[in-house]
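Undergrad: Need a 3D model of the sequence below.
(one chain, ligands or ions: 1)
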Amino acid sequence: MSYLSNVVRRAASRQMPASGRNVRLRCFSSELGQTTEKSVPYHKTLKEERSQDKGPTRPLPKSANVVVVGGGSLGCQTIYHLAKMGVSNVVLLERDRLTSGTTWHTAGLLWQLRPSDVEVELLAHTRNVVSKDLEEETGLHTGWIQNGGLFIASNKQRLDEYKRLMSLGKVYGIESYVLSPAETKELYPHMNVDDLYGTLYVPKDGTMDPAGTCTTLSRAATTRGASVIENCPVTGIQVTADDLGMQRVAAVETNYGTIQTPCVVNCAGVWARALGQMAGVNVPLVAMQHAYVVTERIEGIQNMPNVRDHDASVYLRLQGDALSVGGYESNPIFWEEVSEKFAFGLFDLDWDVFMQHIEGAINRVPVLEKTGIKSTVCGPESFTPDHKPLMGEAPEVRGFFLGCGFNSAGMMLGGGCGKELAHWIIHGRPEKDMYGYDIRRFHRSLTANNRWIRERSHESYAKNYSVVFPYDEPLAGRNMRRDPLHEELLQQGCVYQERHGWERPGWFNPRGAAPIKNECLTCRNALAVFDMSYFGKFYLVGPEARKAADWLFTADVSKSPGLTIYTCMLNKHGGVESDLTVSQISPGTQVSSLTPAFEGDGYYLAVGGAVAQHNWSHITTVLQDMRLQCKLVDCSEELGMISIQGPASRMVLQEVLDADLSNEAFPFSSHKLVKAAGCMVRAMRLSFVGEMGWELHVPKQDCVRVYQAVMKAGAGHGITNAGYRAIDSLSIEKGYRHWHADLRPDDTPLEAGLAFTCKLKSSIPFLGRKALEIQKATGVLRRLVCFTIDETVPMFGLEAIWRNGKVVGHIRRADFGFAINKTIAYGYIWNPDGGPVSLEFVKSGEYMLERMGATYPATAHTKSPFDPENKRVKGIY
Ligand SMILES: Cc1cc2nc3c(=O)[nH]c(=O)nc-3n(C[C@H](O)[C@H](O)[C@H](O)COP(=O)(O)OP(=O)(O)OC[C@H]3O[C@@H](n4cnc5c(N)ncnc54)[C@H](O)[C@@H]3O)c2cc1C
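TA: Numbering: from 1, shown residues only. The predicted structure follows:
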């Protein structure tokens with residue numbers, strides 16, 4: 001018998017023979033010698049009849065509407081949901097037997113609370129599927145055990161984080177309790193609570209059984225007509241170019257036949273990269289080893305909740321009358337060469353790496369010190385650069401969908417993600433806001449960069465249990481994309497944030513506290529310069545560009561050349577896929593990055609830099625679907641963008657630009673080609689901070705010169721550099737929306753207060769119009785509301801919104817507004833009694849915002865609390 005305490009001692013004195021980094025594959029063995037084949041969970045059900053040589057378990061069809069590749073958690077959930085949503089002729093191909101990759105040995109934990117509203121909803125759906133739906137549909141029990149979950153806090157910050165989750169849980173009806181150390185001891189008598197600050201107890205968390213879940217999913221799917229074919233490895237994906245040159249999926253090849261199909265779903269786990277390569281698609285994930293050990297019986301542990309001790313980076317999962325102990329190490333082991341032959345396999349556990357969890361586990365449950373280890377379970381799992389899954393249609397190949405990269409959460413997220421993936425395949429877009437999981441969140445240069453993928457995935461793995469601090473920035477994989485002003489601003493004390501591979505200015509003051517207040521107030525009272533060069537800058541040009549613009553944009557962007565129009569782009573459900581500015585342009589006579597040559601119509605698009613790939617993919621997909629004769633040209637790297645904002649901006653810029661900047665000559669929302677410090681630039685009178693100001697779009701070779709000229713001219717007027725932290729604060733104060741925060745693909749412009757961007761009074765059809773017309777007729781069922789909090793208390797989003805004593809929503813984005821000197825928060829509210837949410841409904845309520853369990857009175861505003869009459873952007877001070 002080897003006790004956990006011995007493991008710690010032996011490793012500490014270096015007697016533990018480490019398996020080293022040359023990992024050997026093996027089935028059911030253990031370095032300690034205590035693990036026997038018998039003791040590894042689930043092997044009896046899954047190992048029997050295992051043979052890839054037997055050939056497919058069913059004959060292959062000649063064609064299929066959808067082929068899902070991989071029979072793990074994700075593949076099974078996806079085929080189940082596709083079948084349930086009525087898709088016929090769906091086939092799942094599994095190389096070996098169901099669950100044989102990672103899924104068979106999962107710990108299967110499901111925690112309901114996460115710091116994201118979308119993830120809370122995804123988890124709730126998985127829980128419904130495994131605890132209720134499947135049993136009702138098949139009469140089979142999935143093996144779901146509801147033993148509860150307990151999050152451990154060893155310090156105040158951690159408990160604050162849990163309290164934040166608790167407040168969000170109230171919005172979704174998820175029961176949770178913050179417990180004192182004494183209450184925790186009463187609930188979990190084996191626990192050491194001496195060093196506890198508190199805990200969060202979620203009684204309806206639990207554990208999923210991988211074999212039971214996947215078998216039942218497969219049974220339910222096949223009952224609805226889907227086919228599950230095991231022992232059938234996919235060996236190739238046929239891709240053809242259509243007459244517009246777009247790559248599309250055509251067929252799936254196996255050694256047993258070819259299936260013609262327009263749609264392939266890559267649910268191949270750690271093998272997803274190899275499967276992607278078959279289709280010419282980059283899948284940015286790495287395979288790493290992830291492990292837990294299973295203890296011998298522990299008297300009195302039965303029925304205890306599962307435990308996550310984030311500060312010790314360890315989890316304790318109840319397994320009958322024993323515990324499984326696992327966690328996330330700072331030095332994980334990569335699986336460098338992912339073997340095709342690996343099925344129902346495990347690795348030798350490297351105790352040097354794993355040992356850190358044992359110490360944490362013994363500290364939390366001291367009885368473990370005298371408890372034997374029954375088995376070790378160390379298997380492969382895929383991890384991604386931001387620790388979020390990879391989903392959606394690949395930008396490279398139409399019809400090739402991803403459902404992989406699950407970062408050790410593929411069981412609990414499987415149901416929610418399977419449903420969204422099915423929706424995505426059927427309707428072209430998911431139902432929820434899945435941008436955080438969408439493959440299009442990464443720029444195409446990054447998904448092909450192995451070093452970036454590896455370094456960033458490593459950091460994300462190591463930080464998995466870290467407190468999610470607002471404004472945290474990654475350390476790994478930085479400086480992938482730098483704009484023309486990077487070095488110049490670095491010398492002036494710029495502290496950078498990373499978005500989409502770009503380094504963008506966060507704030508200026510590397511050695512002191514972040515001077516956000518100073519940057520904001522200088523912008524409001526004098527002027528500030530923002531380097532927004534990381535913006536995506538595209539030209540939409542060609543004979544049918546006008547037709548494309550009419551269909552893509554909610555606003556009429558062609559009504560008046562010379563204007564720059566703020567508009568949205570929608571999906572067919574009326575959800576906002578993007579907000580951006582569009583300027584109609586004329587063909588250049590002297591071709592340059594500012595003045596491209598083209599036939600027909602032309603538009604210059606400026607979109608937030610972090611979401612440029614998403615915009616690019618959305619537009620190209622629509623152009624392909626509509627078969628329009630126009631093209632999208634990316635000049636993001638060719639042009640910089642310098643924004644000068646504030647009451648003194650006109651006076652200062654008048655010295656730098658060769659144009660008349662008066663309201664009459666250069667009104668708000670217009671653009672012109674002008675000279676700045678002798679260089680040709682496109683100047684736009686726009687603001688994202690609520691001040692009079694101009695954006696200068698400058699060829700990259702001239703950026704430094706133009707910037708220096710602006711700084712020189714502004715020196716006597718108190719000009720300051722400012723970064724995106726200031727933009728966040730200034731823009732929320734003015735009520736400007738941030739895409740993917742207060743404006744998402746599951747929000748419509750009518751709900752978000754952006755009806756003014758929609759040409760509903762015209763007869764021009766546009767994507768999403770029908771959905772908006774229906775919504776306009778019936779009234780919106782939720783509405784974005786601005787709140788200010790009288791008490792000075794920081795808020796960051798996810799706070800619960802109470803109206804007249806009932807929860808009616810949660811905050812999406814919050815920040816401090818320095819000009820009004822208040823915390824400002826935006827969130828959507830619904831009517832708890834059902835029915836539309838009118839402005840009267842908004843105005844008539846009494847509101848409280850709940851932050852970390854405490855409530856604060858809040859005032860609802862139907863207009864921006866700062867400059868509600870929009871005077872400042874028009875130059876009226
Ligand atoms: C130790 C450990 C503990 C974990 N604990 C938890 C937990 O508590 N909670 C949780 O939610 N998640 C947990 N996870 C993660 C979870 O188990 C995984 O995220 C999930 O199982 C991944 O499922 P998948 O379907 O993406 O991949 P897999 O299960 O690996 O399925 C992929 C399938 O694709 C097949 N395949 C590959 N290539 C081909 C091909 N060419 N043709 C046909 N088939 C192919 C493979 O054979 C495999 O069966 C844990 C993981 C590990 C390693």
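Undergrad: so where does the residue lying closest to Tyr177 once chain neighbours are set aside fall, helix or strand?
TA: Leaving aside its sequence neighbours, Tyr177 sits nearest to Tyr201 (Cβ to Cβ, 6 or more residues apart in numbering; 4.8 Å). Just so you know, the C-beta spots here come from the backbone N, C-alpha and C atoms, and that holds for glycine as well. Assessed by DSSP states H and E, Tyr201 sits inside strand 198-202.
Undergrad: who does that strand touch, helix- and strand-wise?
TA: The contact analysis (3 or more Cβ pairs under 8 Å, 6 or more residues apart in numbering; DSSP states H and E) places strand 198-202 against strand 149-153, helix 156-171, strand 177-179, helix 181-187.
Undergrad: Tell me the buried residues in it?
TA: 198-202 (16 or more other Cβ atoms under 10 Å).
Undergrad: which one of the helices and strands packed on strand 198-202 lies closest to the ligand?
TA: Among these, strand 149-153 comes nearest to the ligand, with 10.8 Å by Cβ to the nearest ligand atom.
Undergrad: by contact count, what packs against that closest one?
TA: helix 156-171, strand 198-202, strand 306-309.
Undergrad: tell me the mean pLDDT over the longest one?
TA: Put plainly, it is helix 156-171. Averaged across helix 156-171, the pLDDT comes to 95.
Undergrad: Also the shortest one?
TA: Per-residue pLDDT values over strand 306-309 give a mean of 97.
Undergrad: now the second one
TA: The average of the pLDDT scores along strand 198-202 is 98.
Undergrad: Correct me if wrong: Arg504 contacts Gln497.
TA: Yes - under the criterion of Cβ atoms under 8 Å, Arg504 makes contact with Gln497 at 5.5 Å.
Undergrad: where do the contact lists of these two overlap?
TA: Between them, Arg504 and Gln497 share these contacting residues under Cβ atoms under 8 Å, 6 or more residues apart in numbering: 723-724.
Undergrad: Neighbour count for the two, which is higher?
TA: Neighbours were counted for Arg504 and for Gln497 using other Cβ atoms under 10 Å; Arg504 has more, 26 against 19.
Undergrad: how much space between the more buried one and Glu544?
TA: As judged by Cβ to Cβ, to the nearest Å, Arg504 and Glu544 stand 34 Å apart.
Undergrad: What segments of the stretch 201-350 of the chain are helices?
TA: All helices of the stretch 201-350 of the chain, identified by DSSP state H, counting those that start in this stretch, fall at 210-223, 272-279.
Undergrad: mind listing what whatever residue of the stretch 201-350 of the chain ends up closest to the ligand touches?
TA: In the stretch 201-350 of the chain, no residue comes nearer to the ligand than Gly269, which is 2.5 Å away by Cβ to the nearest ligand atom. By Cβ under 8 Å, 6+ apart, Gly269 lies in contact with 70, 72, 74, 101-103, 380-382, 404, 406, 410.
Undergrad: Run through these and flag the ones next to the ligand.
TA: Filtering the contacts of Gly269 for neighbours of the ligand using Cβ under 6 Å from any ligand atom leaves 70, 72, 74, 101-103, 381, 404, 406, 410.
Undergrad: Present the helices and strands packed on strand 198-202 as CSV; the columns should include distance to the ligand and mean neighbour count.
TA: Compiled in CSV, these are given as follows (distance: least, Cβ to the nearest ligand atom, whole Å; neighbours: other Cβ atoms under 10 Å):
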stretch, distance to the ligand, mean neighbour count
strand 149-153, 11, 26
helix 156-171, 17, 20
strand 177-179, 22, 17
helix 181-187, 21, 15
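Undergrad: between the ones you listed, which one is nearest to Met795?
TA: helix 156-171 (9.9 Å; Cβ to Cβ).
Undergrad: With adjacent residues omitted, what lies nearest to Thr620?
TA: Leu632 (5.9 Å).
Undergrad: Three-state assignment for the one you found, please.
TA: strand (DSSP: H, G, I helix; E, B strand; the rest coil).
Undergrad: these two touch, right, it and Val622?
TA: No - with contact defined as Cβ under 8 Å, Leu632 does not reach Val622; the gap is 10.0 Å.
Undergrad: wait, what's in contact with the residue of the stretch 701-850 of the chain found nearest the ligand?
TA: With Cβ to the nearest ligand atom, the shortest gap between the stretch 701-850 of the chain and the ligand falls at Leu798, namely 21.6 Å. Listed by Cβ under 8 Å, 6+ apart, the contact set of Leu798 reads 115-117, 164, 167-168, 810-811.
Undergrad: re earlier: do you know which of the helices and strands packed on strand 149-153 lies nearest Met208?
TA: That would be strand 306-309 among those, by Cβ to Cβ, at 11.3 Å.
Undergrad: Name every strand pairing with the closest one and say which way it goes.
TA: strand 149-153 (parallel), strand 314-319 (antiparallel) (DSSP bridges).
Undergrad: tell me which residues in stretch 446-462 are buried?
TA: So, applying 16+ other Cβ under 10 Å, buried residues of stretch 446-462: 446-447, 449, 452-462.
Undergrad: Just give me the neighbour total for Gly827.
TA: 27.
Undergrad: Backbone torsions only: list them for Met304.
TA: phi -70, psi 150 (degrees, to the nearest 10).
Undergrad: Could you verify my assumption that it touches Tyr188?
TA: Yes - using Cβ under 8 Å, Met304 makes contact with Tyr188 at a distance of 5.5 Å.
Undergrad: the more surrounded of those two?
TA: Higher neighbour count among Met304 and Tyr188: Tyr188, with 24 against 21, using other Cβ under 10 Å.
Undergrad: contacting residues around the more buried one?
TA: Per Cβ under 8 Å, 6+ apart, neighbours of Tyr188: 150, 304-305, 307.
Undergrad: picking up where we left off before, can you redo the helices and strands packed on strand 149-153 as JSON lines with distance to Ser558?
TA: Formatted as JSON lines, the helices and strands packed on strand 149-153 follow (distance: least, Cβ to Cβ, whole Å):
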{"stretch": "helix 156-171", "distance to Ser558": "42"}
{"stretch": "strand 198-202", "distance to Ser558": "53"}
{"stretch": "strand 306-309", "distance to Ser558": "55"}
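Undergrad: Of these, which is nearest Gly360?
TA: Taking the helices and strands packed on strand 149-153 one by one with Cβ to Cβ, strand 306-309 is closest: 6.1 Å.
Undergrad: Name the residues of that closest one that come out as buried.
TA: Buried residues in strand 306-309 (16+ other Cβ under 10 Å): 306-309.
Undergrad: just stretch 493-500 next, same as before
TA: 494-500.
Undergrad: Quick one: mean pLDDT over that stretch.
TA: pLDDT averaged over stretch 493-500 gives 94.
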